[in-house]
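J.: Sharing a sequence plus its predicted fold:
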Amino acid sequence: MLTFGFAGFRHGHIFSLYERVKSHPETRIAGAFEANEAARKAAGENGVVFDYDSFDAMLEDSSIDVIAVGGAYGDRAEVVKKAIAAGKHVISDKPFCISLRELEEIEALLKEKETVLGCMFDLRTSANFNTAARLIREGAIGEISGVQFNGMHPLNYGTRPGWYFEPGMHGGTINDIAIHLFDLLPTLTGHKVAKLLAARSGNINFPQEPHFSNAGVLMLALDNGACVNGDVSYFAPSFAAPSYWRFTIGGSKGMIEFNYGTPGVQLMRHGCEAETVPPEPAKNDYFDAFLSEIGGKKLSPCTEEILQTARFALSAQSLADRS
């Protein structure tokens, strides 16, 4: 039985992990800590019980094996580093850090303490993604030639947490959203990301927060030479937009298209009629992989893959910030 302590509830994603740990037969929650009064009150209204007066008190609890991190993006790296230094495994909402320097420090500590890092890459559980990955793996569209994606999100300004717009706390739209892309691509296409080609971010038509970059576009190459390009800007009106995480993947024998919200994958092959392939739920997810690695067996995404994914996302953000 693995025991979890939850540190930070300033982003809604962490609540799904809280429920997952609470209901899993091989895990339990020792308690939680949140320094921000408003976030603590909101989390309490969602059933979270706070048992620790400080994060240090949580780290000193020898019964805790894992620290789950869900604070503001700009605060996460310090929490992650302190947890690893205390010998705890860590699982975090994405992103778990907002700079390459922080990433290097986290990686060094993980090696020193021989602990495991997990990240909430929940798009891996998409049935459409799982189906498309199987079709590509089976050669349904031949060799991958190119990928286009639309990852535009709604900003929901006015209801998102205020810390999003505090200087130094968000860390960039590409690092925030495109980190999912870098996680998905190797499994989806069967190819590793080889090179960042271009990236740009900026403030577009958002005068309310002039320092906040709500736009993010990027282009990269896979190890077979295929080009990947797309947009992760905060321009969508809602999560229900049909363009939400839409992928169009061209290959030597055809094309696959799908999005996150519409069940089924469109398969179009040369000389054949288009068909809709029913979605197939994924058998494992980020949490299964995390528990498995702690138990000594690596599944994807493992610590090494998570670090590489973050490195690509942060490098792309850095490139965008310089453009």
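T.: Alright, I've got the coordinates.

J.: Just give the nearest non-adjacent residue to Arg137, would you?
T.: Gly190 (6.1 Å; C-beta to C-beta, 6 or more residues apart in numbering). All C-beta spots, glycine's among them, are computed from the backbone N, C-alpha and C.

J.: quick one: contacts for the one you found?
T.: Contacts for Gly190 (C-beta atoms under 8 Å, 6 or more residues apart in numbering) come out as 136-137, 144.

J.: Next: Gly251.
T.: Contacts of Gly251 by C-beta under 8 Å, 6+ apart are 136, 140-145.

J.: biggest separation within these, which pair?
T.: Ala140 and Ser145 (13.6 Å; C-beta to C-beta).

J.: I'd like the distance from Pro207 to Ala194, if you could.
T.: Pro207 sits 38 Å away from Ala194, going by C-beta to C-beta, to the nearest Å.

J.: Who has more neighbours out of those two?
T.: More crowded of Pro207 and Ala194, by other C-beta atoms under 10 Å: Ala194, with 13 against 6.

J.: Not counting its own residues, what contacts stretch 294-307?
T.: 2, 65-66, 89, 103, 106-107, 110, 116-119, 121, 124, 183, 186-187, 284, 286, 288-289, 292-293, 309.

J.: hmm, which of the residues you listed are the buried ones?
T.: Buried members of the contacts of stretch 294-307, counted by 16 or more other C-beta atoms under 10 Å: 2, 65-66, 89, 103, 106-107, 110, 116-119, 121, 124, 183, 186-187, 286, 289, 292-293, 309.

J.: Centre of the chain to the lengthiest strand in the chain, how far?
T.: Using DSSP state E to define each element, the chain has its longest strand at strand 193-202. When distances are taken as C-alpha atoms, centre = their mean, to the nearest Å, strand 193-202 is centred 18 Å away from the chain's centroid.

J.: Same question for stretch 144-163.
T.: 12 Å.

J.: end to end, how far does it reach?
T.: Taking C-alpha to C-alpha, to the nearest Å, stretch 144-163 runs 40 Å from one end to the other.

J.: Buried residues in it, which are they?
T.: 144-145, 147, 149-155, 161, 163.

J.: how about the helices of the stretch 51-200 of the chain, start to end?
T.: Along the stretch 51-200 of the chain, the stretches classed as helices by DSSP state H, counting those that start in this stretch are 55-59, 73-85, 100-113, 127-137, 173, 179-189.

J.: Ok, the stretch 201-323 of the chain next?
T.: Going by DSSP H, counting those that start in this stretch, the stretch 201-323 of the chain shows helices at 286-294, 303-322.

J.: got a list of what Leu291 touches?
T.: 2, 24, 26-27.

J.: Could you give the number of residues near the nearest residue to Ala127 once chain neighbours are set aside?
T.: Of all residues beyond its chain neighbours, the one nearest Ala127 is Pro279 (3.4 Å), with distances taken as C-beta to C-beta, 6+ apart. By other C-beta under 10 Å, the residues close to Pro279 number 18.

J.: same question, Met1
T.: Neighbour tally, Met1, other C-beta under 10 Å: 8.

J.: And it, how close does it get to Phe287?
T.: For Met1, the distance to Phe287 - C-beta to C-beta - is 15 Å.

J.: Same question for Ala72.
T.: Note on Ala72: its distance to Phe287, by C-beta to C-beta, is 22 Å.

J.: Could you do Glu280 as well?
T.: 19 Å.

J.: Comparing those two, which residue is more hemmed in?
T.: Phe287 (20 against 16).

J.: How about the more buried one: what's its closest non-neighbour residue?
T.: Arg20 (5.7 Å).

J.: List the buried residues of the host helix or strand of that neighbour.
T.: Using DSSP states H and E, Arg20 maps to helix 14-23. If you call a residue buried by 16+ other C-beta under 10 Å, then helix 14-23 has these buried ones: 14-15, 17-18, 20-21.

J.: Show the average pLDDT along it.
T.: Mean per-residue pLDDT for helix 14-23: 97.

J.: Does the very next helix or strand once past it pack against any helices or strands, and if so which?
T.: Next along the chain after helix 14-23, taking DSSP H and E as the criterion, comes strand 27-33. Judged by 3 or more C-beta pairs under 8 Å, 6 or more residues apart in numbering; DSSP states H and E, the packing partners of strand 27-33 are strand 2-7, helix 14-23, helix 55-59.

J.: repeat that for 7 Å
T.: When contacts are defined as 3 or more C-beta pairs under 7 Å, 6 or more residues apart in numbering; DSSP states H and E, strand 27-33 sits against strand 2-7, helix 14-23.

J.: Quick one: closest of these to Gly168.
T.: That would be strand 2-7 among those, by C-beta to C-beta, at 19.7 Å.

J.: what's in contact with the closest one?
T.: By C-beta atoms under 7 Å, 6 or more residues apart in numbering, the surrounding residues in contact with strand 2-7 are 18, 21, 26-33, 55, 58, 61, 63-71, 79, 291, 294.

J.: ok, now stretch 100-118?
T.: Here stretch 100-118 makes contact (C-beta under 7 Å, 6+ apart) with 77, 80-81, 84-85, 87-91, 97, 286, 290, 293-294, 303, 306-307, 310-311, 314-315, 318.
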